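Enquirer: sharing a model that was predicted from the sequence below.
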Amino acid sequence: MRNLNYRILLRKEPEGGYTVTVPTLPGCVTYGETVDEAITMAREAIELYIEHLQEKGEEIPTEEGLLEYTLTVEAHA
């Protein structure tokens, strides 16, 4: 057993709550009413996603070697 780290993105929804996506795991999306609940749900979704990949004998994507940048650009409306 090894520990894997994944970035999660939380998007505040206009109707309330947070949608969570896991960029490295395509289609791994969940939701929580609060930030804490969203993080808990994300952990569960990631674990189930990885378990499913293992059952199918597929490779588990990791974020090793991943570089992340945030760019600021001007938008001319």
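Expert: That came through, no problem.
Enquirer: just the mean pLDDT for the helix or strand encompassing His52, thanks.
Expert: Following DSSP states H and E, one finds His52 within helix 35-56. In this model, helix 35-56 has a mean pLDDT of 98.
Enquirer: can you list the helices and strands that it packs against?
Expert: Helices and strands touching helix 35-56, by 3 or more Cβ pairs under 8 Å, 6 or more residues apart in numbering; DSSP states H and E, are strand 9-12, strand 18-21, strand 29-32. From N, CA and C alone the C-beta is placed, and that goes for glycine too.
Enquirer: any idea which of these is most buried?
Expert: Across the helices and strands packed on helix 35-56, the average number of neighbours (mean count of other Cβ atoms under 10 Å) peaks for strand 18-21, which reaches a mean of 20.
Enquirer: before we move on, the earlier item: I'd like the helices and strands packed on helix 35-56 laid out as TSV, including distance to Ile50 and mean pLDDT.
Expert: Supplementary listing: the helices and strands packed on helix 35-56 in TSV, determined by distance: least, Cβ to Cβ, whole Å; pLDDT from 0 to 100:
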stretch	distance to Ile50	mean pLDDT
strand 9-12	18	98
strand 18-21	16	98
strand 29-32	14	98
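Enquirer: alright, that wraps it up for me.
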